[in-house]
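Peer 1: attaching a predicted model along with its sequence, questions to come.
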Amino acid sequence: MQIPKGKKIYFASDNHLGAPTKAASFPREKKFVAWLDEVKHDAAAIFLLGDLFDFWMEFKTVIPKGFTRTFGKLAEISDSGIPIYYFVGNHDLWMNGYFEEELNIPVYHKPKEFTFNNKTFLIGHGDGLGPGDKGYKRMKKVFTNPFFKWLFRWLHPDLGVRMAQYLSVKNKLISGDDDAIFLGEENEWLVQYCKRKLENKHLDFFVFGHRHLPLNIDLNDASKYINLGDWIQYYTYGVFDGENMELKEYK
């Protein structure tokens, strides 16, 4: 993608709308919608890197109730011709066509490479990558197993969604509440993942979410790891202007 003059690419992640309750997250949703409304004026594209919702599950004819303002704004932006790309996170693993069919937003389940103005990016949510995190990796295999998803869909949505929302908040393997402290580069598994990738191929920028920490780390003289933070505590987002990538805070 070649970015037109005066345009930018925007990145955001980890809104966790609905947590700890829909009422409590409503002010954060309005703030996020205001940000979308602001960036649409010079956006060449918008990347949402997962965990937009604290829980998301698509039954054949049902989706979780709420988030009308978010859906409306995403639909408006997509309909205007600005491409939006979505990467599933660990809280919204069970996306199954709704974003593509209703919002014309492509959904990715794994990190993907992009090139903008000759700058190469690896973009994804970031969960389950790199060394360690074995408990979550085992849990993810269960949650993404087709048989497990088939069983869950047999629950009535009122029961299934309520149970999943409870686990999403209470289960530390899912919520990651204890992870939001910087561990040092040698202990940050996403940093290690990026460095291993660079052993085989040059990439200019690695952009991830999941850690709930805004991070901008030089991996070497030519490559950076950017973590987008979240929209719970930091309200941070990424901006690429065609040459440089930076983190900003929305106030």
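Peer 2: Cool, got the structure.
Peer 1: show the pLDDT at Q165.
Peer 2: On the pLDDT scale, Q165 is placed at 69.
Peer 1: then Y136?
Peer 2: pLDDT recorded at Y136 is 65.
Peer 1: ranges for the strands of the stretch 101-250 of the chain?
Peer 2: Assigned strands in the stretch 101-250 of the chain, in chain order: 107-108, 112-116, 119-123, 205-208, 214-218, 224-228, 236-240, 245-249 (criterion: DSSP state E, counting those that start in this stretch).
Peer 1: neighbouring contacts of the last one?
Peer 2: Among residues not part of strand 245-249, those counted as contacts by C-beta atoms under 8 Å, 6 or more residues apart in numbering are 205, 207, 214, 216, 224, 226, 228-229, 234-239. All C-beta atoms are positioned from the backbone trio N, CA, C, and that covers glycine.
Peer 1: list the strands paired with that strand, with their directions.
Peer 2: strand 236-240 (antiparallel) (DSSP bridges).
Peer 1: circling back to that earlier point, most surrounded residue in the contacts of strand 245-249?
Peer 2: L228 (29 neighbours; other C-beta atoms under 10 Å).
Peer 1: in this structure that one contacts D14, no?
Peer 2: Yes - using C-beta atoms under 8 Å, L228 makes contact with D14 at a distance of 7.1 Å.
Peer 1: can you work out which residues contact both of the two?
Peer 2: Common contacts of L228 and D14 (C-beta under 8 Å, 6+ apart): L49, G209.
Peer 1: what residue ranges in the stretch 151-251 of the chain score low on pLDDT?
Peer 2: Along the stretch 151-251 of the chain, the parts satisfying pLDDT under 70 run over 164-179.
Peer 1: quick one: the helices in it, in order.
Peer 2: Listed in chain order, the helices of the stretch 151-251 of the chain (DSSP state H, counting those that start in this stretch) span 157-170, 172-175, 189-198.
Peer 1: how many residues are close by K65?
Peer 2: Neighbour count for K65, taken as other C-beta under 10 Å: 11.
Peer 1: just the pLDDT for it.
Peer 2: On the pLDDT scale, K65 is placed at 89.
Peer 1: look up phi and psi at it.
Peer 2: Note on K65: backbone dihedrals following degrees, to the nearest 10 are phi -70, psi 140.
Peer 1: ok, the one 10 residues further on next?
Peer 2: Main-chain dihedrals, A75, degrees, to the nearest 10: phi -60, psi -40.
Peer 1: show me what contacts the closest residue to it other than its chain neighbours?
Peer 2: Using C-beta to C-beta, 6 or more residues apart in numbering and skipping residues adjacent in sequence, the residue nearest A75 is L103, 5.4 Å away. Applying C-beta under 8 Å, 6+ apart, one finds that L103 lies in contact with F71, L74, A75, S78, I84.
Peer 1: dump the strands of the stretch 101-250 of the chain to TSV, plus distance to M57.
Peer 2: Shown next, in TSV, are these (distance: least, C-beta to C-beta, whole Å):
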stretch	distance to M57
strand 107-108	14
strand 112-116	23
strand 119-123	24
strand 205-208	23
strand 214-218	29
strand 224-228	24
strand 236-240	26
strand 245-249	31
